[in-house]
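Visitor: sharing a model prediction with you, sequence too.
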Amino acid sequence: MTAPFLLRLKAFMIDYILIVAYLAALFVLSVFLFPDIQHLFNGSLIVAQFAGFLMVTLPISLYFIISDSVIGGQSFGKKRTGIRVVDENGAALSVIHITFRTILKFLPWELSHDLIYRLIYVADGKMPFNYYFIGGLIYLLIFAYILTAIFTKKKQSLYDIMTKAQVVKVSS
């Protein structure tokens, strides 16, 4: 049975508590134990983006890739809410399959990181048109992901449709 949007949202919010805990730990480590890490974000835009990706996006993506794939079966939030990500035949997703799904799922998040890094350097100067375009694309993707998860027959988000995946309730 297809998992309804609110159940998916609840699972993500539970997982997001883990993400916030990780980000808080990362903050404490970077401020108190390893303050030199902060210099990575003061220089080159490319270095800042890459460092942010390695410290934030990659570990969080790996959490979902490992836990939602055939390796783990369900993320902590999905386990607590009784849902799981499967392919069109109801089988657990391979690591490659879930990796592609996770990349698409977090694309707006990574684009927003990129935009934030770029906006820091704009200051009071004129903002280039492509920054508006990237900002609009971020919101377009977020709304498309949410609306497709609410209104499609199988309650699939756009990234689920693109990867031929679905989120289903697990039989107890």
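Guide: Nice, I can see it. Residues are numbered from 1 along each chain as shown.

Visitor: can you tell me how far Ile161 is from Leu18?
Guide: Relative to Leu18, Ile161 is positioned 26 Å away (C-beta to C-beta, to the nearest Å). C-beta: built from backbone N, CA, C; applies to glycine.

Visitor: next up, phi/psi of the residue nearest to the spatial centre of the chain, please.
Guide: When C-alpha atoms, centre = their mean is applied to the chain, the residue found nearest the centroid is Phe106 (3.3 Å). With angles defined as degrees, to the nearest 10, Phe106 sits at phi -100, psi 10.

Visitor: quick one: it and Tyr63 touch, right?
Guide: No: the pair Phe106 / Tyr63 is not scored as a contact, 11.0 Å apart, by C-beta atoms under 8 Å.

Visitor: need the strands for the protein, in chain order.
Guide: All strands of the chain, identified by DSSP state E, fall at 83-87, 165-169.

Visitor: so which of these comes closest to Gly125?
Guide: Nearest of these to Gly125, taken as C-beta to C-beta: strand 165-169 at 42.3 Å.

Visitor: tell me the buried residues in the closest one?
Guide: 165-168 (16 or more other C-beta atoms under 10 Å).

Visitor: and stretch 106-120, by the same measure?
Guide: Residues of stretch 106-120 classed as buried under the neighbour-count rule (16+ other C-beta under 10 Å) are 106-110, 112-115, 117-118.

Visitor: could you list the residues in contact with that stretch?
Guide: The contact list for stretch 106-120 (C-beta atoms under 8 Å, 6 or more residues apart in numbering) reads 41, 45, 48-49, 52-53, 56-57, 60-61, 127, 131, 134-135, 137-138, 141-142, 145, 159.

Visitor: buried among those residues? Need that as a selection in ChimeraX.
Guide: The buried subset of the contacts of stretch 106-120, as determined by 16+ other C-beta under 10 Å, is captured in ChimeraX by this line:
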select :41,48,49,52,56,57,60,61,134,137,138,141,145,159
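
Visitor: next, give me the two most distant ones among the buried residues of strand 165-169.
Guide: Ala165 and Val168 (10.0 Å).

Visitor: Leu9: neighbour count?
Guide: For Leu9, the tally of surrounding residues (other C-beta atoms under 10 Å) stands at 16.

Visitor: that concludes my questions; thank you for your assistance.
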